[in-house]
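Engineer: Test case, fold it:
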Amino acid sequence: MKGRTIALAATSTLLMSLLAGAGITVSAQAAPTADALVSRGRPTTASSIEGSGFEAARAVDGSTTTRWASEEGADPQWISVDLGSAHRVSRVRLNWESAFAKLYRIQTSPDGTDWTDVYSTTTGDGATDDLTVNGTGRYVRVNGTARGTSFGYSLWEFEVCGAGPGGGDTTAPTVPGGLRSTGTTTNSVSLSWNAATDDVGVTGYHVYRGGQLVATPTSTNYTDTGLTPATAYAYTVRASTRRATPRPRVPRSLPPPSRARAAVQRSTCRPRPS
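Structural biologist: Numbers count the residues shown, from 1 in each chain. Next up is the predicted model:
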């Protein structure tokens with residue numbers, strides 16, 4: 001299933017009308033708990049790069065200001081991420097730069113050699129592709145076979161969500177629902193939400209404005225300041241928990257560490273801090 005960024009599935013939506021004297025419209029969505037983000041910071045390879053500053057690793061660094069770019073004018077091109085061990089892959093999110101793929105496949109592999117298609121399209125149109133897939137593998141690859149422009153292929157972010165080997169805390173926290181505005185001024189909005197619960201305890205929350213992290217409060221409220229009047233802002237809140245026994249980082253031939261877990265509102269998957 002492919003979904004545009006502005007059409008993510010949600011279980012509840014809160015839309016507050018324009019407030020007199022404030023001029024700030026606040027919207028929020030709550031989505032079911034998803035699998036962990038397992039690609040962030042993992043080793044990557046690509047068929048080519050446009051040049052220095054466009055390496056494959058820049059597509060998994062969590063920044064929307066850096067990107068991977070292939071050489072221009074050549075098909076096919078691909079980018080692959082090594083998850084470190086076999087994972088069940090449930091979702092892939094591609095944030096394309098203007099140089100997008102019209103025809104491409106999402107593939108998984110146990111060894112980086114033999115690939116299995118888990119998604120394909122011949123009508124790619126760029127922007128953000130949020131894809132629900134079902135596959136297993138240590139490696140996940142975006143394999144572009146036809147460009148959508150005369151340039152190459154370029155991704156701001158290549159995100160893979162799924163689950164790896166078990167162990168430790170395997171129960172996700174509940175969604176911090178009821179996200180709402182409790183007050184506004186001409187340049188700020190106060191947010192509140194219901195507390196999340198977890199078997200090992202919730203340690204705090206991550207507040208995002210338009211997909212960008214703006215605060216990490218430990219309480220169930222936050223006031224965002226420095227806003228522009230007469231502007232719509234979408235907020236997301238995620239609950240974080242700590243494993244009872246954190247594991248240290250291990251060699252890349254072993255499963256990557258997973259020391260934090262989260263439940264999400266309006267998110268594709270739960271980030272897993274390194």
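Engineer: Give me the buried positions along the helix or strand N143 falls within.
Structural biologist: Using DSSP states H and E, N143 sits within strand 128-147. By 16 or more other CB atoms under 10 Å, the buried positions in strand 128-147 come out as 128-133, 135, 137-144, 147. Where C-beta positions appear, they are placed from N, C-alpha and C, glycine not excepted.
Engineer: Could you name the helices and strands sitting against it?
Structural biologist: If contacts are counted by 3 or more CB pairs under 8 Å, 6 or more residues apart in numbering; DSSP states H and E, strand 128-147 sits against strand 2-3, strand 77-96, strand 101-109, strand 116-121, strand 154-163.
Engineer: With mean neighbour count as extra columns, can I get the ones you listed in a markdown table?
Structural biologist: As requested, those are exported to a markdown table (neighbours: other CB atoms under 10 Å):
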| stretch | mean neighbour count |
| --- | --- |
| strand 2-3 | 15 |
| strand 77-96 | 21 |
| strand 101-109 | 22 |
| strand 116-121 | 16 |
| strand 154-163 | 23 |
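Engineer: I'd like the ones you listed laid out as CSV, including distance to G204 and mean pLDDT.
Structural biologist: Below are these laid out as CSV (distance: least, CB to CB, whole Å; pLDDT from 0 to 100):
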stretch, distance to G204, mean pLDDT
strand 2-3, 29, 39
strand 77-96, 24, 95
strand 101-109, 33, 98
strand 116-121, 34, 97
strand 154-163, 21, 94
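Engineer: Switch these over to JSON lines; also include distance to V175.
Structural biologist: Converted to JSON lines, these look like this (distance: least, CB to CB, whole Å):
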{"stretch": "strand 2-3", "distance to V175": "19"}
{"stretch": "strand 77-96", "distance to V175": "17"}
{"stretch": "strand 101-109", "distance to V175": "27"}
{"stretch": "strand 116-121", "distance to V175": "26"}
{"stretch": "strand 154-163", "distance to V175": "16"}
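Engineer: nearest to R58, of those?
Structural biologist: Proximity to R58 (CB to CB) singles out strand 154-163 among the helices and strands packed on strand 128-147, at 8.6 Å.
Engineer: neighbouring strands for whichever helix or strand comes after the closest one, and are they parallel or not?
Structural biologist: Proceeding N to C from strand 154-163, the next assigned helix or strand is strand 180-184, under DSSP H and E. Strand pairing for strand 180-184, using DSSP bridges, gives strand 188-192 (antiparallel).
Engineer: Show residues contacting the next helix or strand after the partner strand.
Structural biologist: Going down the chain from strand 188-192, the next helix or strand is strand 202-209, by DSSP H and E. By CB atoms under 8 Å, 6 or more residues apart in numbering, the surrounding residues in contact with strand 202-209 are 173, 176, 191, 193, 195-196, 213-218, 220, 222, 224, 233-242, 262.
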